[in-house]
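Visitor: Following is a predicted model, sequence given first.
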4 protein chains.
Amino acid sequence: MQDQSQSFLAKGPDRCADLSFAERLRAAICSDRDLTFLMEAHDALSGAVAKRAGFKGIWASGLSIASSLGYRDANEASWSQIVDVVERIVDSTELPVLVDGDSGFGNFNNARLLARKLRQRGAAGVALEDSCFPKMNSFVGDRHPIADVDEFSARLRAVKDTVADNLVLVARTEALIAGHGMDEALLRASAYAAAGADAILIHSRKSTADEILSFANSWQSRLPVVIVPTKYYRTPVSTYRDAGISTVIWANHSMRAAIAAMRHVCGRIIAEESIAGIEPHIATLDQVFDLLGYDELARAEARYLRPSDLQQ
Amino acid sequence: MQDQSQSFLAKGPDRCADLSFAERLRAAICSDRDLTFLMEAHDALSGAVAKRAGFKGIWASGLSIASSLGYRDANEASWSQIVDVVERIVDSTELPVLVDGDSGFGNFNNARLLARKLRQRGAAGVALEDSCFPKMNSFVGDRHPIADVDEFSARLRAVKDTVADNLVLVARTEALIAGHGMDEALLRASAYAAAGADAILIHSRKSTADEILSFANSWQSRLPVVIVPTKYYRTPVSTYRDAGISTVIWANHSMRAAIAAMRHVCGRIIAEESIAGIEPHIATLDQVFDLLGYDELARAEARYLRPSDLQQ
Amino acid sequence: MQDQSQSFLAKGPDRCADLSFAERLRAAICSDRDLTFLMEAHDALSGAVAKRAGFKGIWASGLSIASSLGYRDANEASWSQIVDVVERIVDSTELPVLVDGDSGFGNFNNARLLARKLRQRGAAGVALEDSCFPKMNSFVGDRHPIADVDEFSARLRAVKDTVADNLVLVARTEALIAGHGMDEALLRASAYAAAGADAILIHSRKSTADEILSFANSWQSRLPVVIVPTKYYRTPVSTYRDAGISTVIWANHSMRAAIAAMRHVCGRIIAEESIAGIEPHIATLDQVFDLLGYDELARAEARYLRPSDLQQ
Amino acid sequence: MQDQSQSFLAKGPDRCADLSFAERLRAAICSDRDLTFLMEAHDALSGAVAKRAGFKGIWASGLSIASSLGYRDANEASWSQIVDVVERIVDSTELPVLVDGDSGFGNFNNARLLARKLRQRGAAGVALEDSCFPKMNSFVGDRHPIADVDEFSARLRAVKDTVADNLVLVARTEALIAGHGMDEALLRASAYAAAGADAILIHSRKSTADEILSFANSWQSRLPVVIVPTKYYRTPVSTYRDAGISTVIWANHSMRAAIAAMRHVCGRIIAEESIAGIEPHIATLDQVFDLLGYDELARAEARYLRPSDLQQ
């Protein structure tokens, strides 16, 4: 008999047996009923926090994971290092995880290998962007080169042919950020839809949502639209609902919250030469243990260890 | 000519060429002059924050790293997964890193393999505790079994024989936490000193420092004493200075600060369906880029990329 | 449309969707019809060779994998390093792989974590032995300690409760090798059967099969019996058929063949200062390319790359 | 006191403390006295065999490592997976290892990151080739695109600026294989020398050495010349000596010998349903144990384990 607790070790039905992560992500993104929100995670811990807070899906952010690893968001981290982090996030959340796959780490062959490995580790979907390898973060520098539309469409087709419906495929276009204009963005979205994408992620670095709303208006939901309002954060989500947007990604906010908090705490400890002052403001150890499912381990020890091992 | 910036890629002299990390950690721990403070890190990002705040040394915490990976502090993470995280912390901080090596992940042979690998990845030191494998976090459950004193002393000797002075060896005794009393703690400290330890970490889960102060008083600094005041956090550090303590480890506070902040931010985003409210309270993207040395990459691109690659 | 070639990238139905690896291994081990043979592999290449030769199942040998990694068969390799190698073997063979899980790398909790991870990477089964951690290879030294029967049975139960029928669980007893006699071996086999094992691996280091035949005779196939005739290699397999043995593991012969061949070739190159003499005796590059599915990549390039990328 | 045995665990002076691997490789490649031979290894085991046979340096082949991992030589393996394999080879051989770094896995930034990591894991040198990412094996297909000479020169400069003299930098040109002719090859060699390369690897897929001899004749040893006579294997090494070649790489022969042997053994076991016939032709277990230094472990156990642990 299995215990149904927070720990992935004891989570009931085997993840691989049902394809629910991809199915659940697809249902969430494709549903007309309401906006879907995906919360950024960069490691198992941030994933566990997001789940506990109530999020139903996770965005495994390239920027955040790179930052957590001490890399810059310029494909310094290898694809296999990213895959390993994603595995930890999936295991700790048991939620659908959409993975930021950058440009697929090379050509069609690298992209389909990445997709297959993400699928194996339990990811629900991958977002691939029409940038070149190595990429640079969309918010750093100007006018990054973007991939040829036919070449990138073939990259998408190769992924689709490899993972079929077992991994949601989100095609992300950097056309607006690269300064290629709305027509190019729409043309690319159409091409990527034809190539088999399940949804279109339209990215913008403007401080208002005008650009993406204009896209959504022209696009007419031919495929679900996913957005990342990091720069145009002031826009109320009602606007997105009205525009027929499918999914909103809060792309890096746990990582940025963690940095601010760690900086604050480090600064106070340095200044105060003491942890007494910050103790009330940080998570307790019991909260850490609760978050990571130590209770499941205690119950399992009671079940599987001999009394002599337990009491000592 | 090399650029001297925050990025480890551009950091001046090759880390391996000078043995400064171990030397610097040894000097800090063994110096009579003042307390040394080590700040917890669980990934490259928390390490970078600690460094920027002014800390001169890092504690790569077993509990925190396990939490970051979604594992429980019960040797669920493999030794090689820990080593990989330590590598990232070392690379991002370029500071002396003392690694929580738990019990060494097995017997003397596993312990010396761990030590050699940590040395290779640039760690400055390892702390090994006299617990059994797999261990359980010192603050969870009661009266964990501890290792035979002779067997553990031999584990220390094997490590010392392997890494010589190229890795600081801190012997941690769980004697007090396991309920074996002060005499046993002192006996073990003596045995571990004889086995080649460079310092003694005396651990306590009491809410006051009485226990460790009593130890320090009896021990008379035969080797430097390292403490972890997670539970007796109210004691002012002047007390440790007076007692001749060498080093204080703030063992998990960045991780706990990150959890609290991420929980808060996740909760607000869920409640407000917006990131506008939390935006002023989290690190800006520019701060993220600054922390991870994106400026070095920009300068390097100007130096090594052709104008045609840069301008597009 | 997907290409059905040798490359795992293009292998038709998604591996995770059907549970066929575990099902196929279970059917092979539990079938009364005939002996099942599992061939050792220690990396993807040896796996690919075994498959091409006609083997229908793979033994991911602890000794061989450790040797390939330069470790000794004493749990020097971490559990996650083993899991990574198994993933490569599964991907390259697309065959049921039974993994040598040693003692489970710790207690019940480590064992069930290992099992879950092996399941995730596509392994069909795991063999766990009643030795302690760290283990030493069964053929090295004398009278290794073995685990308490109740403790090990609980380890098996924990694994079974975690992976259910999605991973075949083979319980291996070292009772004979440890000198505990036939009664103890039978008692342990019964206990492990009761704990949920799918099959019993009875290990012997005798140069004849008497010991395991005696076991098989007494055991009466209460569960299928798996053997490893490394030391009693002269016994014809008809003997095993007659004795009702289920499965024979050729446990390390590809690795040992590779060593002999590489030693021979290295010696000749050193002596002859030339590769001309050995060229006819080693695999051609075309055979290497054929073995690893380069033809699939060529076809995929024709499909997914633009002519301009191909011709250049 | 340390034991001086075959095991890297017990190898005397700490590898990082002396920079001898890079120094030794540089001395070997730059010496006028005689040809240097590097033997291919693809894992720790093949490395150990090469060392035991008498080779003084290792070529960590991209093709062979990819094959061992079940990947095609088209940058399917991630850079970090390659680095992990190299670590194992270095640890098992304690010899200078020149690593096939392909094109550096991206742009200058990826290349310098790779170089720094290889340095950290103990590699003695890296060979970078002027191909694009992802690459395709030089012997597969026709006329692969090669990198712009200025862009690739900058890649080399970035690596040199990062690792200085702590890693030997071999620049490999694919100019001849890509059909660009001898003038282009010489022009590129000059550019790479100016960029800081320590040696030039001139690659050819012709079945005679004419091409590389013509290159060597024109080049006049402005930098040491490294060759890979996989295709022109019939040329006697005296020809290379006369031509002033510095270093000959036997690039994939252990891997190809292993394949042939494993194929043979698998085939015989299938056909004979027995391992009795092949037993005399493969390495014995004792030879395996000898190769991997089990004797060191036995001595260490006698030193560090209690009698009660040993006897049991």
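Guide: That came in fine, so what should we check first? Residues are numbered from 1 along each chain as shown, chains lettered A, B, ... in the order given.
Visitor: A:L98 contacts A:A127, doesn't it?
Guide: Yes. Taking C-beta atoms under 8 Å as the definition, A:L98 is a contact partner of A:A127 at 6.2 Å. C-beta coordinates here come from the backbone N, C-alpha and C atoms, glycine included.
Visitor: more neighbours, the two?
Guide: A:L98 (30 against 24; other C-beta atoms under 10 Å in any protein chain shown).
Visitor: Make sure I have this right: that one is in a helix.
Guide: No. Assigned with DSSP: H, G, I helix; E, B strand; the rest coil, A:L98 falls outside any helix and is strand.
Visitor: Would you mind measuring from it to D:E40?
Guide: From A:L98 across to D:E40, the span is 41 Å (C-beta to C-beta, to the nearest Å).
Visitor: A:A197 contacts A:T173, correct?
Guide: No. Between A:A197 and A:T173 there is no contact under C-beta under 8 Å: 10.0 Å.
Visitor: near chain B at all, stretch A:124-134?
Guide: No. In terms of C-beta under 8 Å from any C-beta of the partner chain, no part of stretch A:124-134 sits within range of chain B; the closest distance is 9.4 Å.
Visitor: is whichever strand or helix holds A:D286 up against chain C anywhere?
Guide: Under DSSP states H and E, the secondary-structure element containing A:D286 is helix A:285-291. No. Legend: contact between helix A:285-291 and chain C by C-beta under 8 Å from any C-beta is lacking; minimum distance shown is 15.1 Å.
Visitor: Which strands or helices does that helix pack on?
Guide: Counting contacts by 3 or more C-beta pairs under 8 Å, 6 or more residues apart in numbering or on different chains; DSSP states H and E, helix A:285-291 packs against helix A:44-53, helix B:62-68, helix B:253-272.
Visitor: and A:A197 and A:T173? which has more neighbours close in?
Guide: In terms of neighbours (other C-beta under 10 Å), A:T173 is the more surrounded of A:A197 and A:T173; the figures are 28 against 25.
Visitor: Can you check my assumption that A:F37 lies in a helix?
Guide: No. Membership of A:F37 in a helix is not supported by three-state DSSP, which gives strand.
Visitor: Tell me how far whatever residue of the stretch 101-250 of chain A ends up closest to chain B lies from chain D.
Guide: The nearest approach of the stretch 101-250 of chain A to chain B comes at A:P145, 4.3 Å away (C-beta to the nearest C-beta). When C-beta to the nearest C-beta, to the nearest Å is the yardstick, A:P145 and chain D sit 12 Å from each other.
Visitor: which residues touch the residue of the stretch 201-312 of chain A found nearest chain C?
Guide: Nearest residue of the stretch 201-312 of chain A to chain C: A:Y304, at 4.1 Å (C-beta to the nearest C-beta). A:Y304 makes contact with C:N107, C:F108, C:N109, C:A154, C:R155, C:R157, C:A158 under the criterion C-beta atoms under 8 Å, 6 or more residues apart in numbering or on different chains.
Visitor: Could you look up the SS state of the spatially most central residue of chain A?
Guide: When C-alpha atoms, centre = their mean is applied to chain A, the residue found nearest the centroid is A:W59 (1.7 Å). At A:W59 the chain is in strand, as set by three-state DSSP.
Visitor: Find the residue closest to it in space, skipping its chain neighbours.
Guide: With C-beta to C-beta, 6 or more residues apart in numbering or on different chains as the criterion, A:W59 has its nearest non-adjacent residue at 4.2 Å, and that residue is A:L38.
Visitor: Is the one you found bridged to anything, and to what?
Guide: With DSSP bridges applied, the residues forming beta bridges to A:L38 are A:I249.
Visitor: Can you give me every residue that contacts it?
Guide: Contact analysis of A:L38 by C-beta under 8 Å, 6+ apart lists A:F55, A:G57, A:I58, A:W59, A:L98, A:T247, A:V248, A:I249, A:W250.
Visitor: now with 10 Å?
Guide: If you count contacts by C-beta atoms under 10 Å, 6 or more residues apart in numbering or on different chains, A:L38 has them with A:25, A:28-29, A:50, A:55-61, A:95-98, A:125, A:226, A:228, A:247-251.
Visitor: so how far is A:A199 from it?
Guide: Summarising the geometry, the distance separating A:L38 from A:A199, computed by C-beta to C-beta, is 12 Å.
Visitor: Between those two, which contacts overlap?
Guide: A:L25, A:I29, A:L98, A:G125, A:V226, A:T247.
Visitor: Closest to A:R205 out of the residues you listed?
Guide: The shortest distance between A:R205 and any of the shared contacts of A:L38 and A:A199, using C-beta to C-beta, involves A:V226 and amounts to 15.9 Å.
Visitor: May I have the secondary structure class of that closest one?
Guide: Using three-state DSSP as the criterion, the local structure at A:V226 reads strand.
Visitor: ok, now how distant is the residue nearest to A:W59 from B:T235?
Guide: As for A:L38, its distance to B:T235 is 44 Å (criterion: C-beta to C-beta).
Visitor: Kindly report the same for A:A27.
Guide: Using C-beta to C-beta, one obtains 54 Å as the distance from A:A27 to B:T235.
Visitor: Perfect, that will be all.
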